[in-house]
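K.L.:
Fold the stuff below for me.
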Amino acid sequence: MLNDIESVLVDEKQIDNITTEIAEQITKDYANSGKKLVLICILKGSITFTCDLMKKIPFPIEIDFMKVSSYGAGTSSAGVINIHLDIKREDLTDVDFIVVEDIIDSGRTLSHLVKYLSERGANSVKTCTLLDKPERRVVDFTPDYCGVEIPDKFVVGYGLDYNEQYRNLPFVGILKPEVYGG
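P.N.:
Residues are numbered from 1 along each chain as shown. Take a look at the predicted model:
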């Protein structure tokens, strides 16, 4: 598996620093909001980031899960947002959501989810990403909390995959193009 990695882009120490900084900002922003704070983990890629992030927020929070895709097989984006697993809540007006994503490419998914959750009546909806590829943006979208901007390379590890592989790497690495046919 490690032989498939061209280089490490974001190492374990950097990831720890990013999650600490984002958690500190979220704590500052929501410590006295008076509403429930719910992190929505976008499955499957965001699970590792969400788990590390929530452990560093020092007040009660909830987590929920959505499974959303705009990708087909492999590396190509279909451009259509599909919700495969939705949240079911009756208390949306009392909830501040932070949608947690592993990486933002086109911006379509998070842009869609912010609108979707807002229209359903959420008190507020913000977004958080570990990695951002602004070069790939096709919609006008900027995350509220962003770990690090990265170049337009195919990355895996720390929850990110290629055909369900590499999620368990403790770092984010650039996958060799010959592995995915790039």
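K.L.:
my guess is residue 20 contacts residue 57, does it?
P.N.:
No - using C-beta atoms under 8 Å, residue 20 is not in contact with residue 57; the gap is 10.6 Å. No exception for glycine: its C-beta is placed from N, CA and C like everyone else's.
K.L.:
residue ranges with poor pLDDT in this protein?
P.N.:
Along the chain, segments meeting pLDDT under 70 span 71-78.
K.L.:
So what's the gap between the top helix by length along it and the chain middle?
P.N.:
Under DSSP state H, the helix in the chain containing the largest number of residues is helix 12-30. Here helix 12-30 is found 14 Å from its chain centre; the criterion is C-alpha atoms, centre = their mean, to the nearest Å.
K.L.:
by contact count, what packs against it?
P.N.:
Under the contact criterion of 3 or more C-beta pairs under 8 Å, 6 or more residues apart in numbering; DSSP states H and E, helix 12-30 touches helix 47-54, strand 124-132, strand 145-149.
K.L.:
one step back: and residue 20 and residue 57? which has more neighbours close in?
P.N.:
When residue 20 and residue 57 are compared for neighbours, residue 57 comes out ahead with 18 against 13, by other C-beta atoms under 10 Å.
K.L.:
Can you tell me the closest non-neighbouring residue to that one?
P.N.:
Excluding the flanking residues, the one nearest residue 57 by C-beta to C-beta, 6 or more residues apart in numbering is residue 23, at 5.2 Å.
K.L.:
Out of the helices and strands packed on helix 12-30, which is closest to residue 36?
P.N.:
When those are ranked by distance to residue 36, counting by C-beta to C-beta, first place goes to strand 124-132 at 11.0 Å.
K.L.:
Need the CA coordinates for that closest one. CSV is fine.
P.N.:
What follows is the C-alpha trace of strand 124-132 in CSV, where atoms were taken according to Å, rounded to 0.1, in the frame of the first residue of the first chain:
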residue,chain,number,x,y,z
SER,A,124,-27.7,27.5,11.1
VAL,A,125,-25.5,25.5,8.8
LYS,A,126,-21.7,25.9,8.5
THR,A,127,-19.2,23.7,6.7
CYS,A,128,-15.8,22.3,7.7
THR,A,129,-13.2,20.5,5.6
LEU,A,130,-9.9,19.0,6.2
LEU,A,131,-8.7,19.6,2.7
ASP,A,132,-9.7,22.1,0.0
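K.L.:
Output the contacting helices and strands for that strand.
P.N.:
In terms of contact count using 3+ C-beta pairs under 8 Å, 6+ apart, strand 124-132 is assigned the packing partners helix 12-30, strand 95-104, helix 108-119, strand 145-149.
K.L.:
tilt between the longest one and strand 95-104?
P.N.:
Between the direction of helix 12-30 and that of strand 95-104, the angle (axes from the mean of the first three to the mean of the last three C-alpha atoms, to 10 degrees) works out to 160 degrees.
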